[in-house]
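Colleague: structure for this input, please:
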Amino acid sequence: MSDKTVFEELKSLITEQRNPRTTEIDTQSVEEILTLINDEDRGVAVAVKQEIPYIAEAVRIVVEAFKRGGRLIYVGAGTSGRLGVLDASECPPTFGTHPEMVQGIVAGGYRALIRAQEGAEDRGRDGSRDLKKRRLNPKDVVCGIAASRRTPYVIGAVAYARSIGCKTIYVTVTPREEMSIPVDVAICPVVGPEVVMGSTRMKAGTAQKMILNMITTAAMIRLGKVYENMMVDLQMTSQKLVERSKRTVMVAGGVDYETAGELLARAEGHVKVALVMALAGVDAEQARRRLEESGGFVRWAVENKT
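Modeller: As a prediction, this is how the structure comes out:
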């Protein structure tokens, strides 16, 4: 693609437009600058809310993939790619998932997480190459993340995923009518021009992070990894998580600190098992059986529903 073609393509993108509300920001006081940024950020949640029907469809696709043993793989470049890696990395400690279950791939690899590798996003074939390294298979879901929608690396990855039969999702902040990339679900919150022209790490990045959090959190809830509104599949890998596990058993199970510790010990550190023991008055073996029969849902295991 020629420089002129890229220029013409970029100048029409909403992410590259000037924001008429912030054209005097370079003359403002610190407090005024921060107020302008905050005012712009307020609209992000509204834009994301309008996309809930599409986010919901994405969640259903991801849940079905997980049930089949598939993975969710985020692919992005720059800020978008880093957000995918961030969301993926937080799933194991939060929901007790295997690190392979949700993955993030960023153009330029590990180095791009700590230092910008801007040229990496222009290599479309690298997107498919990196997915092949992850042994992508038709059970998996690939979620492309690109504020401008046009990132060659992401487009290449999504095209390869579709070619082998994967379901695909695309998260972009360009209007839906401009989304011409074939995918199963496109999520397109329109947050408008950035406070600083083209700085998509701001409103665009905030919207993308919100959406990725929504997809994985809702999917994990639908897989039974949350009881009421508490994490019950977290891993006790730090002192904080050990104490959080005890508190969860105390709050949900109605027991004191010492009893919570004893239940967790008998449950071999598994919060779900300890909760079913506390709530249903059963031993660890019975609790595990009930959880297995209920598909891992604590509520159903306590009520002994299958």
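Colleague: how about the residue nearest the centre of the chain, secondary structure?
Modeller: The C-alpha lying nearest the average C-alpha coordinate of the chain belongs to Leu212 (CA atoms, centre = their mean; 2.8 Å). Here Leu212 is helix, with the state taken from DSSP: H, G, I helix; E, B strand; the rest coil.
Colleague: contacting residues for it?
Modeller: Neighbour list for Leu212: Tyr74, Leu83, Gly84, Asp87, Cys143, Ile145, Val171 [criterion: CB atoms under 8 Å, 6 or more residues apart in numbering]. Every C-beta, even on glycine, is put in place using the N, C-alpha and C of the backbone.
Colleague: same thing but 6 Å
Modeller: Asp87 (CB atoms under 6 Å, 6 or more residues apart in numbering).
Colleague: equivalent analysis for Ala207, please.
Modeller: Val44, Val48, Val173, Pro189, Val191.
Colleague: with Thr79 instead?
Modeller: Taking CB under 6 Å, 6+ apart, we find Thr79 in contact with Arg201, Gly205.
Colleague: sorry, back to before: make TSV from the contacts of Ala207 and add distance to Val183, secondary structure and neighbour count to it.
Modeller: Formatted as TSV, the contacts of Ala207 follow (distance: CB to CB, whole Å; DSSP: H, G, I helix; E, B strand; the rest coil; neighbours: other CB atoms under 10 Å):
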residue	distance to Val183	secondary structure	neighbour count
Val44	22	helix	22
Val48	18	helix	21
Val173	15	coil	30
Pro189	16	coil	29
Val191	20	coil	25
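Colleague: could I get those as TSV with distance to Gly254 and pLDDT?
Modeller: Shown next, in TSV, are the contacts of Ala207 (distance: CB to CB, whole Å; pLDDT from 0 to 100):
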residue	distance to Gly254	pLDDT
Val44	39	97
Val48	36	98
Val173	45	95
Pro189	41	97
Val191	44	95
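Colleague: want to throw those residues into JSON lines with distance to Ala65?
Modeller: JSON lines is the format used below for these (distance: CB to CB, whole Å):
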{"residue": "Val44", "distance to Ala65": "28"}
{"residue": "Val48", "distance to Ala65": "22"}
{"residue": "Val173", "distance to Ala65": "25"}
{"residue": "Pro189", "distance to Ala65": "23"}
{"residue": "Val191", "distance to Ala65": "28"}
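Colleague: of these, closest to Asn19?
Modeller: Distance to Asn19, by CB to CB, is smallest for Val191 among the contacts of Ala207, at 10.5 Å.
Colleague: if we can go back for a sec, tell me the one of the contacts of Ala207 nearest Ala267?
Modeller: Val48 (37.5 Å).
Colleague: residues in contact with that closest one?
Modeller: So Val48 contacts Pro189, Ala207, Met210 (CB under 6 Å, 6+ apart).
Colleague: what comes up buried for the helix or strand containing the second one?
Modeller: Counting by DSSP states H and E, the element that carries Ala207 is helix 203-222. Taking 16 or more other CB atoms under 10 Å as the neighbour-count basis, helix 203-222 is seen to contain the buried residues 203-212, 214-222.
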